[in-house]
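In: sequence plus predicted model, see below.
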Amino acid sequence: MKKCEHKKTNLRLPETKEAGFTLLEVMVAVAIIGMSFVSLLASQSQSVSIASISRFETVASMLAGQKLAKIQVEDFEQVSSESGEFEDDFSNYRWQTEVNELTEDETGIVGSEGLLKRVELTVSRGDEDENFTITGIVMTKIEPAEDDKK
């Protein structure tokens, strides 16, 4: 009788490393991305806030300059403390003036009593606490003395 010989073969699968991420690696990556988004949103919010403040200051300075120019062409005696609102596109902006006559002690100019007024103009918007203040000096018209006309 013949003996049947079987060759034994080792059926081995080739060794491979599984390519992929562990749950821990995925969780760390998600946490890093989450923190990045939070910081981006915070900086975006701050940017919007700064843009709003910048817009207010730009518009308020333009309106204040315009109002101060109107005050400077008024008759000196008519310049007084008052308040009001701007019109048209700027109806949510308000203005208020505080007028004080400057004394000789404040100016250091001898004989300047009754010639100069300090105008402090404040522009504000809506119900917000934002204020823009500008100060100007208004001077009375000085007529030459009769002796100087010769």
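Out: Sure thing, it's come through. Treat the numbers as computed from the prediction; the structure is a model and nothing was measured. Numbering: from 1, shown residues only.
In: where do the strands sit along this structure?
Out: 82-85, 93-101, 116-125, 131-139 (DSSP state E).
In: output the lowest mean pLDDT helix or strand found in the chain.
Out: Within the chain, no helix or strand scores below helix 104-107, which has a mean of 85 by mean pLDDT, DSSP states H and E.
In: re the thing from before, redo the strands of the chain as JSON lines? Include distance to residue 110.
Out: Using the backbone N, CA and C atoms, a C-beta is placed for each residue, glycine as well. Converted to JSON lines, the strands of the chain look like this (distance: least, Cβ to Cβ, whole Å):
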{"stretch": "strand 82-85", "distance to residue 110": "31"}
{"stretch": "strand 93-101", "distance to residue 110": "16"}
{"stretch": "strand 116-125", "distance to residue 110": "13"}
{"stretch": "strand 131-139", "distance to residue 110": "16"}
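In: and these, which is most packed in?
Out: Mean neighbours per residue, mean count of other Cβ atoms under 10 Å, is largest over the strands of the chain for strand 116-125, with a mean of 19.
In: what does that one contact?
Out: By Cβ atoms under 8 Å, 6 or more residues apart in numbering, the surrounding residues in contact with strand 116-125 are 56, 60, 63-64, 67-68, 71, 76, 79, 92-102, 107, 109, 130-140.
In: I'd like the mean pLDDT over that strand, please.
Out: Per-residue pLDDT over strand 116-125 has a mean of 93.
In: do the same with stretch 40-53
Out: 89.
In: just the C-alphas of it, formatted as PDB.
Out: Output of stretch 40-53 as PDB, limited to C-alpha atoms (Å, rounded to 0.1, in the frame of the first residue of the first chain):
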ATOM      1  CA  LEU A  40     -12.900  82.200  14.900                       C
ATOM      2  CA  LEU A  41     -16.400  83.100  16.000                       C
ATOM      3  CA  ALA A  42     -15.200  85.200  18.900                       C
ATOM      4  CA  SER A  43     -12.800  87.200  16.600                       C
ATOM      5  CA  GLN A  44     -15.600  87.600  14.000                       C
ATOM      6  CA  SER A  45     -18.000  89.000  16.800                       C
ATOM      7  CA  GLN A  46     -15.300  91.400  17.900                       C
ATOM      8  CA  SER A  47     -14.700  92.500  14.300                       C
ATOM      9  CA  VAL A  48     -18.400  93.300  13.900                       C
ATOM     10  CA  SER A  49     -18.400  95.300  17.100                       C
ATOM     11  CA  ILE A  50     -15.400  97.300  16.100                       C
ATOM     12  CA  ALA A  51     -16.900  98.000  12.700                       C
ATOM     13  CA  SER A  52     -20.100  99.300  14.300                       C
ATOM     14  CA  ILE A  53     -18.100 101.600  16.600                       C
END
